[in-house]
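# generate coordinates for the sequence data below:
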Amino acid sequence: MLLRLLKGTGPGVILTIILTLAAVWISAFHVQTVDPERYNLSEPMPLFALLKSAIGNNHNIEVAISVALVSLMAYLLVNFNTSVFFINERTFLPALIYILFGGLFPQYQGLNPVLPASLFLMLAIVRIMDGYRKPGIAYNFFDAGILISIGSLFYANLLWFGVLLIIGIALLRTGNITEIVISILGLVTPYLLTFSIYYVMGKDLGVFVWQVENNLFSKAGDYHFTRLTILALIFAAIIIVVSIVHLFMLLNTKKIKSRQTFSLLLWGFLISIASYIVIPSVSIEIVWIISIPSSYFLTHYFIFVRKRVIPEIFFSVLFILILLIQIWYLK
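Next comes the predicted model:
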């Protein structure tokens, strides 16, 4: 019943999303959530350092900005599907699911570098898909490279998602070497500008290089999972796997652009998982990026699966588990 009510686009759904956002983020306003060791905040990337210095140490303002960033991401998720229409259904579910996934780890709900970085990644994905059947050279990939690179100046590990540029060219284009070159130039450009600014301001360029290396390769702090969190993660993983399998079963029935969009999102999902497994500096904060494709996979599953009882149970249990995590964290 809950899922059925939330599939639409009426005012009631918007109200539910707002109430869910408030419920999921209430703990962040009451508890100091960000552990500096987990984000290398002792030596943050330049843009995140600039953002932090502008805000100061006001915890409530930091959390308010985090909520604003999540709200903006929720809007972008819905708008992307509305513009490309790859799910073939107008729905606010991607926004709601993304907000729910953000509640899995209350310790990461304060202002952190991954939140603004994930916004730039989402914008980059939009620009990549804008290159579909574009005549001539698609400079969209240059734009997408710049967006990913700017995001990495908040969260260095976003650089690994530069692979999505090459994957996007392989999916959408005919393998034009010029487009590969300009996408790499897009990735490099913000760093060249940063080096130039450091040089003009008389700052040590070696310090910037060390910051990037430290953020990319140093080991992130360990995260101690509670039993409730482990249960919620296992349950979420089961739903995500089921939704991906369901998507593959229907993929050939979709239009070419829809298939390519889902393929790009799947590659983004795989890069996120691989980053968490392989790269020492990547920790649980990657949930903010993994949640982007996962929100679409689950939305597609919840809308198009024929058996209505199972998805209702899946969604309701996930909803309850995440709310329990928030309640437990407030104790």
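# list the buried residues for stretch 321-331?
321, 322, 325, 326, 329 (16 or more other C-beta atoms under 10 Å). Just so you know, the C-beta spots here come from the backbone N, C-alpha and C atoms, and that holds for glycine as well.
# let's have these in TSV, adding secondary structure.
Written out in TSV, the entries for those read as follows (DSSP: H, G, I helix; E, B strand; the rest coil):
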residue	secondary structure
321	helix
322	helix
325	helix
326	helix
329	helix
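# for the residues you listed, which one is nearest residue 87?
The nearest member of these to residue 87, counting by C-beta to C-beta, is residue 322 at 22.4 Å.
# surely the closest one touches residue 27?
No - here residue 322 does not reach residue 27: they are 11.2 Å apart, not a contact under C-beta atoms under 8 Å.
# what pLDDT does residue 109 get?
With respect to pLDDT, residue 109 has a value of 85.
# neighbours of it, how many?
Number of residues near residue 109 (other C-beta atoms under 10 Å) recorded here: 27.
# repeat that for residue 227.
Per other C-beta under 10 Å, the neighbour tally for residue 227 reads 8.
# for this structure, which helix is longest?
Using DSSP state H to assign secondary structure, the helix with the most residues in the chain is helix 59-84.
# low-confidence stretches in the chain?
Scanning the chain for pLDDT under 70 picks out 1, 31-42, 175, 331.
# these two touch, right, residue 121 and residue 151?
Yes - the pair formed by residue 121 and residue 151 meets the contact definition of C-beta under 8 Å, at 5.6 Å.
# the two: who's more crowded?
The residue with the greater number of neighbours, taking residue 121 and residue 151 and applying other C-beta under 10 Å, is residue 151; the counts read 29 against 26.
# how about the more buried one, what does it touch?
If you count contacts by C-beta atoms under 8 Å, 6 or more residues apart in numbering, residue 151 has them with 116, 117, 118, 119, 120, 121, 124, 158.
# distance check, it against residue 196.
Separation of residue 151 from residue 196 (C-beta to C-beta, to the nearest Å) stands at 19 Å.
# now residue 9
Relative to residue 196, residue 9 is positioned 46 Å away (C-beta to C-beta).
# of these two, who's got more company?
More neighbours sit around residue 9 than around the other of residue 9 and residue 196, counting by other C-beta under 10 Å; the figures are 14 against 11.
# name the SS class of that one, please.
When the structure is split into helix, strand and coil by three-state DSSP, residue 9 lands in coil.
# identify the residues contacting it.
For residue 9, the contacting residues are 90, 91, 92, taking C-beta under 8 Å, 6+ apart as the criterion.
# and if we set it to 10 Å?
Applying C-beta atoms under 10 Å, 6 or more residues apart in numbering, we find residue 9 in contact with 78, 82, 89, 90, 91, 92, 93.
# and the residues you listed as CSV, adding secondary structure, distance to residue 170 and neighbour count?
Below are the contacts of residue 9 laid out as CSV (DSSP: H, G, I helix; E, B strand; the rest coil; distance: C-beta to C-beta, whole Å; neighbours: other C-beta atoms under 10 Å):
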residue, secondary structure, distance to residue 170, neighbour count
78, helix, 27, 22
82, helix, 26, 12
89, coil, 28, 16
90, coil, 30, 12
91, coil, 29, 20
92, coil, 32, 22
93, helix, 29, 27
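# max pairwise distance over those: which two?
Distances among these were taken as C-beta to C-beta; the most separated pair is 82 and 93, at 12.4 Å.
# thinking again about what came up before, tell me which two in the contacts of residue 151 are the farthest apart.
With distances taken as C-beta to C-beta, the most widely separated pair in the contacts of residue 151 is 116 and 124, at 13.0 Å.
# how about the secondary structure of residue 206?
Residue 206 is classified as helix under three-state DSSP.
# next one: it relative to residue 43, how far apart?
With distances defined as C-beta to C-beta, the gap from residue 206 to residue 43 amounts to 13 Å.
# can you give me the strands in the stretch 151-300 of the chain?
For the stretch 151-300 of the chain, strands defined by DSSP state E, counting those that start in this stretch do not occur.
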